[in-house]
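Chemist: dropping a prediction and its sequence here:
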Amino acid sequence: MPVHATLPSLRRYSLILMGLTIILAACGGKGDGGSSTTTCAPATILLTDVTALYPTKGANKMGDGSNHGGHGGSDHGGHGGSSTTTCTPATTLLPDVTALFPISGANWNDYLTGDDWRVATGACIADAAVPCLHGGERRVVELTGKTACAGLTAADDLGVFEWICDDSVSPVRMISTGLAKGKSLSDLIDFTTPGFKTNKVTVYDNAVAWRSTPDSNTWWSNPVEINNTGGSLATASTIYLVTSNPAAAITLGANKVALVAEPSVTLTGPGTAASVISAASQDYLWIEGNINASADNYGVNLNARYSTLRQLTANNALQNGVFLNTASSNTLAGVNVNNNSNAGVLLSNSSGNRLRGMTASNNIFGVSLSSSSNNTLKDVTASNNSNSGVYLSSSSNNILTGVTTSNNITAGIFLYAASNNTLNSMTANNNIAYGVFLQANSNNNTFAGVTTSNNAYGVSLQTGSNNNALTNVTSSNNAVNGVVLSTVSDNKFSGLLKVGNNGVTDCQVSGGTNPGLDSACVINGSSNATTIIGSSITLANSYVGKVSSDDVANISDDILGGAVASFPANPASFDWCQFDNPYRAWGLDGSDFPSASHRGRWSSGAGRIWDWSLLVGDTVNKAVLSLPTGNNTQTHDWLGIPAVTCNTMVAGSVWNATNSVCETTFLSNAVEILADGIGNDNGLCESTETCLYMPNIGSYQGSGALVSAGAFANGALTGITMMQFTQNGE
């Protein structure tokens, strides 16, 4: 808002700037009754307050006349003449926020070919089946006058985006790498107008605000419409809003359509065993909202490519909360699926999908992959499911990282005839049968950083599950065995192997050739693990475990009595998924951990929120893995012969002519940070990527902000930026 100042004619004021005194003559007054109105141009830099040049005699408007001429008889200058000055606030504005890819990525649901913004080129072609990048999230601000990124950070007023400084050009620029964790398209939407909210970016130089962009709501030009009737949404590039429940089926019938339900609205379907939201053979879709699919088969039934489901809940379906059927290259982020009668999320004949930040509870299967390959799952919590938390059947070349499973009946993690998958940083506790279970010729899988406790069996490989690699494994306090190897051959244990305090034997081995261990847990075949066996290996005091105080995020625990509840009469309305941290889940209350009273699915009586974060004092799993150098690597072989190149089959892989396989060499004790716009987002840490150092065995790797883990020592892998959490242990 303009500031209006009325100043005496020719009055002198001073400004102090960097040691210099600048004397300003006031705009205006001609004297002798003349008048003038002047609009001052905005200053380009904010200065200190204006003060009187003669503070003793000239501070007041009237003064004594001696310092500013005239006869002192008027506020507006000599002899009653007047002058009015209108000045705008001093400010420095950066250029407008614009699209990083103005031709092919200007609007929401525009996609670019490539999985790294540094090398993305041209519009995505869905039929090409190559990695593509969501251009709508990539905005850019040029920092006029800045040629280096040191000390520069940025934030948008709505707090929706992550920003990085790019010094590959001059002047440098700020680029949004994507939506921040927990944020969504709905945070950018004004549901009343409707349209996009205004937003601006402020740049900070060493944490001090430097300059800002103008306020603008034109970062995108997509039409935004309200549709509260359901049916077909078939105008391409339109963002459809739902502000009241249509209680009807919704079909996304065109490419580049977005459906966003207002956060306070819960969508229900027609109640005819149909799908609440569906799409068939569409590309570049975006879906957000809360779905109660009671009396319908699916919350979301998707046959689509290059589409996003974000900050979405899909509960109470007769079959699956989210069903991806012959769907490829989609992203599911912040998806919660609970109390569905089959799977929370089911991928069937689907490939190249990326799932991250997911909770799946009180279903039959939490997350299930059937005949699906080349998918990436990261930060998944699957608990209290009546079969398994994570289930892979006849599925290969999938990459799973940061999986926490508990209180499932069959297994925390179950691979059935599933080969050539990689599973990194797994926690599997309190499951009634198996922590990690491989069966029916599940071969050539790579496991790293696996911990199991208080199951019947910790890690079990059975019936022809051969040539698996297991690195850094802890298995203790299980009711029967820590490790079971039954009729399997040529498995390899490496790194650390810690087993102890298991009910019958720590290792049970029968049949097979060079299974990897013998029944005394002594390594054989190609295994080279450092084994630590015995009573010192116990996880009884490793976890935060049973939560005794209110979980603020969860609305179903007892605020006064702590994180407890009786099993709900109506599980459909219970809060299965909101917790203060991602390592929490509901389970049986029982006695002190570990105990048979904790094992299995909570379906009656007293339940409690469990926290599988490591305690700061843990010595079994916490801080036992060293910061890797470029020579601390693992190599994984993938299944299949690529039609074109290995990289098109599995991102980042290369052809090994000697072994006639596609393979990936990746860094040990680290995972790729996903959705940062850098690297191939396959979850494995490879050259030139930004990665998280993983010092612990299991899914928990710390909490707090991400900071540098120190300089990376190049080796076989180079140019990696290593990050770590500020806190390790709770």
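Modeler: It's in.
Chemist: and residue 549, how many neighbours does it have?
Modeler: By the criterion of other Cβ atoms under 10 Å, residue 549 has 12 neighbours. (Each C-beta comes from the backbone N, C-alpha and C, glycine too.)
Chemist: and for residue 427?
Modeler: Quick note: residue 427 (other Cβ under 10 Å) scores 30 neighbours.
Chemist: do residue 541 as well
Modeler: Per other Cβ under 10 Å, the neighbour tally for residue 541 reads 12.
Chemist: can you tell me the element it falls in?
Modeler: In the assignment (DSSP states H and E), residue 541 maps to no helix and no strand.
Chemist: tell me the pLDDT at it?
Modeler: Looking at residue 541, its pLDDT reads 97.
Chemist: please name the bridge partners of residue 436.
Modeler: Counting by DSSP bridges, residue 436 is bridged to residue 413, residue 459.
Chemist: contact partners for the nearest residue to residue 232 once chain neighbours are set aside?
Modeler: Distances taken as Cβ to Cβ, 6 or more residues apart in numbering put residue 253 closest to residue 232, at 4.3 Å, once the chain neighbours are dropped. For residue 253, the contact set (Cβ atoms under 8 Å, 6 or more residues apart in numbering) comprises 232, 233, 234, 279, 282.
Chemist: what about residue 253, distance to residue 271?
Modeler: 22 Å (Cβ to Cβ, to the nearest Å).
Chemist: one more: residue 184?
Modeler: 27 Å.
Chemist: now residue 282
Modeler: If you go by Cβ to Cβ, the gap between residue 282 and residue 271 works out to 24 Å.
Chemist: compare the two (neighbour count), which wins?
Modeler: residue 282 (23 against 14).
Chemist: need the residues that contact the helix or strand encompassing that one.
Modeler: Per DSSP H and E: residue 282 is located in strand 275-283. Strand 275-283 has contacts (Cβ under 8 Å, 6+ apart) with 126, 249-257, 259, 267-269, 285, 287, 289, 291, 293, 296-307, 314.
Chemist: ditto for stretch 703-723
Modeler: By Cβ under 8 Å, 6+ apart, the residues outside stretch 703-723 that reach it are 581, 613, 627, 629-633, 665-667, 670, 673, 685-693, 724-727, 730.
Chemist: please redo it, this time with the cut-off set to 6 Å
Modeler: With contact meaning Cβ atoms under 6 Å, 6 or more residues apart in numbering, stretch 703-723 is reached by 629-631, 633, 667, 687-688, 690-693, 724-727.
Chemist: put the buried members of these into a ChimeraX selection.
Modeler: Of the contacts of stretch 703-723, the buried ones can be selected in ChimeraX as follows, counting by 16 or more other Cβ atoms under 10 Å:
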select :629,630,633,667,687,690,691,692,693,724,725
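Chemist: could you measure from the residue nearest to residue 183 when sequence neighbours are not counted over to residue 116?
Modeler: Sequence neighbours aside, residue 160 is the residue nearest to residue 183 in space, at 4.7 Å (criterion: Cβ to Cβ, 6+ apart). Residue 160 sits 22 Å away from residue 116, going by Cβ to Cβ.
Chemist: tell me where the protein has helices.
Modeler: 646-649 (DSSP state H).
Chemist: would you map out the domains in it?
Modeler: The chain breaks down by automatic domain parsing into domains covering 3-87, 98-185+197-212, 543-614, 633-727.
Chemist: re earlier: residue 216: which of the contacts of stretch 703-723 is nearest?
Modeler: When the contacts of stretch 703-723 are ranked by distance to residue 216 (Cβ to Cβ), residue 690 comes first, at 29.7 Å.
Chemist: low-confidence ranges, the protein, go.
Modeler: 1-91 (pLDDT under 70).
Chemist: do that again at 90, thanks
Modeler: 1-92, 114-121, 127-131, 216-218, 558-562, 641-645, 647-649, 651, 674-679 (pLDDT under 90).
Chemist: mind checking which residue lies nearest the centre of it?
Modeler: The structure's the chain has its C-alpha centroid closest to residue 181; by Cα atoms, centre = their mean the separation is 4.8 Å.
Chemist: now it: how far from residue 513?
Modeler: Residue 181 is 47 Å from residue 513, by Cβ to Cβ.
Chemist: how close does the nearest residue to residue 533 once chain neighbours are set aside get to residue 473?
Modeler: Nearest non-adjacent residue to residue 533, counting by Cβ to Cβ, 6+ apart: residue 521, 5.0 Å away. Distance of residue 521 to residue 473, computed by Cβ to Cβ: 11 Å.
Chemist: these two: which has the busier surroundings?
Modeler: A side-by-side neighbour count of residue 521 and residue 473, using other Cβ under 10 Å, places residue 473 first with 27 against 24.
Chemist: return the residues in contact with the closest residue to residue 497 other than its chain neighbours.
Modeler: Nearest residue to residue 497, sequence neighbours excluded (Cβ to Cβ, 6+ apart): residue 529, at 4.1 Å. Residues near residue 529 by Cβ under 6 Å, 6+ apart: 493, 494, 497, 523.
Chemist: can you check residue 301 too?
Modeler: Taking Cβ under 6 Å, 6+ apart, we find residue 301 in contact with 275, 278, 323.
Chemist: any idea how far residue 327 is from it?
Modeler: Residue 301 is 10 Å from residue 327, by Cβ to Cβ.
Chemist: ok, residue 115 next?
Modeler: 18 Å.
Chemist: over to residue 293?
Modeler: Relative to residue 327, residue 293 is positioned 18 Å away (Cβ to Cβ).
Chemist: out of the two, which sits in the busier spot?
Modeler: residue 293 (32 against 23).
Chemist: the more buried one contacts residue 319, doesn't it?
Modeler: No. Residue 293 lies out of contact with residue 319 (Cβ atoms under 6 Å); the separation is 8.8 Å.
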